[in-house]
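**Student:** next input, structure requested:
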Amino acid sequence: MKNLFTLKKYFARYRNKLLAGLLFILFSNAGMVYIPILIKDSINTLQQNVHLDRLIDYALLIVGTSLISGIFRFYIRQTIIVVSREIEYDLRGDFWAHIQRLPMKFFQQNSTGNIMAHATNDMNAVRMFIGPAVMYSIDTFLRLVIVVSIMITISPSLTLYSLIPLPLLSVAVYFVGKKIHARFTAIQEKFSELTTKVQENFSGIRVIKSYAREEWEIKDFAGMSRDFLRKNMSLVKIQAFFQPMLFLLTGTSIVIVIWIGGLKVINGELLLGDVTALVIYLGILIWPMIAFGWVINIIQQGEASMKRLNKIFGEKYEITDDGNTDHSIKTAGGDIIFKNVTFRYGENLPVVLDNINLEIKEGAAVAIMGSTGCGKSTLVNLLPRLHDVSSGVITVGGKGIKSVPLSVLRTAIGYVPQETFLFSDTIKNNLCYGLRSADEERMLNASAIAMFDRDVVEFPEKYNTVVGERGITLSGGQKQRASIARALIKDPSILILDDSFSAVDTHTEEEILINLRGYMKGRTSIIISHRVSTVKECDKIIVLDKGKIAEEGTHEELLALGGLYCDIYTKQQLEKEIQEYS
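**Tutor:** As a prediction, the model looks like this:
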């Protein structure tokens, strides 16, 4: 239960409604337990002397009490169950906000499907605890106390006999509850795996179809689904045993009361109405006993799910504003300096960047080249603090980037990542994603610079055309140009292009680069590319090799050096000549 205690702040938020719900439970149960007393008195009256007026009075009292009890029961659901939905809303919002602020490392270590399972199945299991479990726990406890108390006033000895099966019930609930918790946890973990599988298949449907792997994927999913079914059936078997056991124990209590109570009526120790009331009270207790088992089930499921959610809530933000942040800083610009920067993705993982010292003047265009896996993307990811350096310092305009508020730093940077991503929305909303509100003029200007406007005019709804999931209806080149336009619309002081022309033909690339030279005057730009034709006009070219700066200089200086850059240039020139003559 310790994981569910973390919900106390949410319960405190709605304590007035919960207290009202508690009172409604009390009033509803008071009316319910009064009905058997009325029946008892009416039967005892019938045994002594029958008066029609008296029977009508009892009938009206029973109907009226039932009506009042039912009204209060309606309001129980209008308070406690409604509160459960409101707390679910708050919890889901907090979960979403927390996920948004977690570092990139978290998303690299957790699959999308697993996170989705937490946001759906686990959230629903916790909501069931907050609402039905809390409501029926209080309802069951109060009803049990009130009913047993009244039963004792009627016949202490018969009440004692009827309660004999209850200790067996407690023992059964304890052992069954532990099994439910373990099996439900296994189910939720398997559901996460299933969700991950589905998400990956939907995202990678092009690969699946191009490799004709549909049948294999169907069989693989069927195997995982069967395993999920087996785990669910193991829980169902426990639940199927639990419910009949509750009926058996409560039914045993009724048999005891009828048998022993009947003997007492024959011996003149009790009236028929007294025994009838006791049987009705046991009948009233049947649902609480069944609800008790159901509640235990829900609580165990809620505990398992809340444990999984708390694991996510326990993840540290790591990259966030802190005590060193200077909130008086409103802009980020100036010279960019990497001083003795070293980075690794984890303490026990190899070094990706090793003692990088680099100065980028404000307004300069700097290119980064190097072989795959040499650390190019990692280097530029450190600037907007998608990751933090393991050691060393990065400054912008003389200020350490950790002292610049994250929102200010990232607003100043227009970043086009290596892997382009578009939302399943209109082109307009995708392009204006970095703005608080759409700006048509800036959108059209940025689209023209990125050479994307000529494609958009061919679409049926122009900028209001909805692209598919991850922009699947656009070609690779169109997605890259859309991503470039999205970064330019922000009007950033620093532009980062991470291999953003790989899917664009060389002619279009040259046109975009010409447009960018005019756009980036006075702005700092960092361009990562494998093509010499893309970077040769830059003010400085950096060549990385195995996480270190191997060469640095202009296009002419690096050619004269005759090193790695010269080798890359020579190979690309040879490839170009071969293509021209082939």
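
**Student:** for the residue nearest to Ser162 when sequence neighbours are not counted, grab the count of nearby residues.
**Tutor:** Distance criterion Cβ to Cβ, 6 or more residues apart in numbering; nearest residue to Ser162, sequence neighbours excluded, is Ser253 at 4.5 Å. Backbone N, C-alpha and C define where each C-beta goes, glycine included. By other Cβ atoms under 10 Å, 24 other residues sit near Ser253.

**Student:** where does this protein have its least confident helix or strand?
**Tutor:** Using mean pLDDT, DSSP states H and E, helix 205-210 stands out as the lowest-scoring helix or strand of the chain, at a mean of 67.

**Student:** next SSE after that helix?
**Tutor:** Using DSSP states H and E, the helix or strand that follows helix 205-210 in sequence is helix 214-266.

**Student:** could you pull up the mean pLDDT of that next one?
**Tutor:** The average pLDDT within helix 214-266 is 80.

**Student:** just want the angle from the helix or strand following that helix to helix 214-266.
**Tutor:** Under the assignment DSSP H and E, the closest C-terminal helix or strand after helix 214-266 is helix 272-313. Going by axes from the mean of the first three to the mean of the last three Cα atoms, to 10 degrees, helix 272-313 is angled at 150 degrees with respect to helix 214-266.

**Student:** centre of the chain to helix 272-313, how far?
**Tutor:** Here helix 272-313 is found 29 Å from its chain centre; the criterion is Cα atoms, centre = their mean, to the nearest Å.

**Student:** who are the packing partners of it?
**Tutor:** helix 15-48, helix 82-101, helix 123-128, helix 134-154, helix 156-162, helix 166-203, helix 214-266 (3 or more Cβ pairs under 8 Å, 6 or more residues apart in numbering; DSSP states H and E).

**Student:** Three-state assignment for Leu559, please.
**Tutor:** Three-state call for Leu559 (DSSP: H, G, I helix; E, B strand; the rest coil): helix.

**Student:** contacts only, for the residue nearest to the spatial centre of the chain.
**Tutor:** With distances taken as Cα atoms, centre = their mean, Ala119 lies nearest the centre of the chain, 3.6 Å away. Counting by Cβ atoms under 8 Å, 6 or more residues apart in numbering, Ala119 makes contact with 92, 95-96.

**Student:** and the residue nearest to Ser162, how far is that from Ile284?
**Tutor:** Separation of Ser253 from Ile284 (Cβ to Cβ, to the nearest Å): 12 Å.

**Student:** tally of neighbours for Gly476?
**Tutor:** Gly476 has 12 neighbouring residues, counting by other Cβ under 10 Å.

**Student:** what number of residues lie near the nearest residue to it once chain neighbours are set aside?
**Tutor:** Leaving out its chain neighbours, the residue that sits closest to Gly476 by Cβ to Cβ, 6+ apart is Ala503, at 3.4 Å. Around Ala503 there are 15 other residues, counting by other Cβ under 10 Å.

**Student:** repeat that for the one 3 residues further on.
**Tutor:** The criterion is other Cβ under 10 Å. On that basis, Thr506 has 12 neighbouring residues.

**Student:** per-residue pLDDT, it?
**Tutor:** So, for Thr506, pLDDT stands at 76.

**Student:** Asn3 now?
**Tutor:** In this model, Asn3 carries a pLDDT of 60.

**Student:** same check, this time on the one 10 residues further on
**Tutor:** In this prediction, Arg13 carries a pLDDT score of 85.

**Student:** got a list of what it touches?
**Tutor:** 87, 90.

**Student:** wait, a helix at Leu435?
**Tutor:** No: with three-state DSSP as the criterion, Leu435 is assigned coil and is not in a helix.

**Student:** would you list the phi and psi of Phe421?
**Tutor:** With angles defined as degrees, to the nearest 10, Phe421 sits at phi -140, psi 130.

**Student:** so, low pLDDT: which residues of the stretch 101-250 of the chain?
**Tutor:** Low-confidence segments of the stretch 101-250 of the chain (pLDDT under 70): 166-167, 169-171, 173-174, 177, 181, 203-204, 206-207, 209-211, 243.

**Student:** surely Gly323 is in a strand?
**Tutor:** No: secondary structure of Gly323 (three-state DSSP): coil, not part of a strand.

**Student:** give the contact list for it.
**Tutor:** The contact partners of Gly323, by Cβ under 8 Å, 6+ apart, come to none.

**Student:** pLDDT at it, what is it?
**Tutor:** 78.

**Student:** ok, it to Asn232 distance?
**Tutor:** Distance of Gly323 to Asn232, computed by Cβ to Cβ: 49 Å.

**Student:** can you tell me the element the residue nearest to Asp491 when sequence neighbours are not counted falls in?
**Tutor:** Excluding its sequence neighbours, the residue lying closest to Asp491 (Cβ to Cβ, 6+ apart) is Arg442, at 7.2 Å. Under the criterion of DSSP H and E, Arg442 resides in helix 440-449.

**Student:** for that helix, which residues meet the burial criterion?
**Tutor:** Buried residues in helix 440-449, counting neighbours by 16 or more other Cβ atoms under 10 Å, are found at 442-447, 449.
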